[in-house]
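Engineer: Fold the following and give me the result.
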Amino acid sequence: MFPDFREASYARRYELLLTKLVRDRLYDSACLLLSGAESGPAGDYREPSAELRFPQLWELLAARARAALET
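Structural biologist: Below is the predicted model of the structure:
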């Protein structure tokens, strides 16, 4: 187990893992959205990391789609 994972919540573990994958360039981008059992179905969520926000992932996906259409 990675030392940073010890005594970390599952949410924190996902944040650490995704951040590492993006920084090591194994993933181009990633996002982490967290919601509660009660508030999630209503569309409430939080993004615990500025580096793993949905708009950044969406911008990359949109750019890749535009590039694919141009080829």
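Engineer: Please spell out which residues along stretch 19-33 are buried.
Structural biologist: By neighbour count with 16 or more other C-beta atoms under 10 Å, stretch 19-33 contains the buried residues 19, 22, 29-32. Yep, even glycine has a C-beta here, placed from its N, CA and C like the rest.
Engineer: Which of those residues fall in helices?
Structural biologist: 19, 22 (DSSP state H).
Engineer: Go through the buried residues of stretch 19-33 and name the one nearest residue 71.
Structural biologist: residue 29 (20.4 Å; C-beta to C-beta).
Engineer: The closest one touches residue 62, doesn't it?
Structural biologist: No - applying C-beta atoms under 8 Å as the test, residue 29 and residue 62 come out as separate, 11.4 Å apart.
Engineer: And the residue nearest the centre of this protein?
Structural biologist: Ranked by distance to the mean C-alpha position of the chain (C-alpha atoms, centre = their mean), the top residue is residue 31 at 1.8 Å.
Engineer: What's the per-residue pLDDT of that one here?
Structural biologist: At residue 31, the model reports a pLDDT of 97.
Engineer: Next one: it from residue 12, what distance?
Structural biologist: From residue 31 over to residue 12 the distance is 16 Å, taken as C-beta to C-beta, to the nearest Å.
Engineer: cool, residue 5 as well?
Structural biologist: Taking C-beta to C-beta, one finds residue 5 at 8 Å from residue 12.
Engineer: what's near enough to touch the residue nearest to the centre of the chain?
Structural biologist: Residues in contact with residue 31, defined by C-beta atoms under 8 Å, 6 or more residues apart in numbering, are 47, 52-54, 56-57.
Engineer: Backbone torsions only: list them for it.
Structural biologist: For residue 31, the backbone dihedrals (degrees, to the nearest 10) come out as phi -140, psi 150.
Engineer: so where's this structure uncertain?
Structural biologist: Across the chain, the ranges flagged by pLDDT under 70 are 1.
Engineer: Check the burial of residue 53 by counting its neighbours.
Structural biologist: 17 (other C-beta atoms under 10 Å).
Engineer: so what's it up against?
Structural biologist: Residues counted as contacts of residue 53 (C-beta under 8 Å, 6+ apart) are 31, 47.
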